[in-house]
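Need coordinates for the below:
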Amino acid sequence: MKILYSQEKIAARVREIAAEVTRFYEGKPLTVIIIASGGVFFGADLIREIKLPLWVDSIGAASYIDDRSCGRVSVRSKLKLSCAGRHILLVDEILDTGLTLAELRHYVLGQGALSVRSAVIVAKDIARSQANGLADWTGFVAPNRFLVGYGLDFREEYRNLPYIAILD
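Model prediction:
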């Protein structure tokens, strides 16, 4: 395993993203929706650093089965809060194909959200369709390798590592 981003480097970048999010949403009510399971680690750290009143919810969603994208998003839970009339920030651990963020963005807009933005701790350096797009805030851009740690997993293992590494 090769460490790409240390715990300290991740913490510093999370603080930077939180400061940007705080400035962007100043004066607006913000609802953060964390995409479980992987987004929980980044989401928890990020919301503690955002200096605004906010609401927090989570949703279970994934487009991967084991270690491969299945080409569709499986939503495994429902939101507690209504999205209607809210500014939504979707938080996930990784932007790979972009399918999960694109589908959830469409879902919350359909629920009446005022706006939807997204933040990920890492994006893979790959070409994506314009429909799937990019995250509004990205911690790091990583090579197109299999990554683990800080919420990223291989068959549900390694999520708890405090760093992000390439799994060989």
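
only C-alpha atoms for contact and neighbour calcs from this point on.
Will do.

low-scoring stretches of this structure, by residue?
62-76, 128-132 (pLDDT under 70).

which one's the longest helix in it?
helix 7-25 (DSSP state H).

What is the burial count for residue 48?
12 (other C-alpha atoms under 10 Å).

would you say it is within a helix?
Yes: read with DSSP: H, G, I helix; E, B strand; the rest coil, residue 48 is one of the residues of a helix.

all strands for the protein, in order.
Secondary structure of the chain (DSSP state E): strands at 2-5, 30-36, 54-65, 68-75, 87-95, 115-124, 137-142, 147-148, 164-166.

any idea of the angle the longest helix of the chain forms with strand 30-36?
Note on geometry: by axes from the mean of the first three to the mean of the last three C-alpha atoms, to 10 degrees, helix 7-25 and strand 30-36 are set 140 degrees apart in direction.

could I get the strands of the chain as CSV with mean neighbour count and distance to residue 103?
Converted to CSV, the strands of the chain look like this (neighbours: other C-alpha atoms under 10 Å; distance: least, C-alpha to C-alpha, whole Å):
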stretch, mean neighbour count, distance to residue 103
strand 2-5, 15, 28
strand 30-36, 23, 12
strand 54-65, 17, 10
strand 68-75, 13, 7
strand 87-95, 25, 11
strand 115-124, 22, 12
strand 137-142, 18, 18
strand 147-148, 25, 22
strand 164-166, 22, 25
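
What are the contacting residues of the longest helix of the chain?
Contacts made with helix 7-25 from outside it, assessed by C-alpha atoms under 8 Å, 6 or more residues apart in numbering, are listed as 42, 45-47, 49-52, 121, 137-139, 162-164.

Verify the stated contact: residue 159 with residue 93.
No: contact status for residue 159 versus residue 93: not in contact, 10.2 Å apart, counting by C-alpha atoms under 8 Å.

Overlap of the contact sets of these two?
38, 150-152.

what's the farthest-apart pair in those residues?
Looking at those by C-alpha to C-alpha, the two members farthest from one another are 38 and 150, with 7.8 Å of separation.

so what sits against both of these two?
Contact with both residue 38 and residue 150 is made by residues 93, 159, according to C-alpha under 8 Å, 6+ apart.

what sits opposite the closest residue to residue 115 other than its chain neighbours in the beta ladder?
The spatially closest residue to residue 115, leaving aside those adjacent along the chain, is residue 87, at 4.8 Å (C-alpha to C-alpha, 6 or more residues apart in numbering). When assigned by DSSP bridges, residue 87 has beta-bridge partners residue 30, residue 115.
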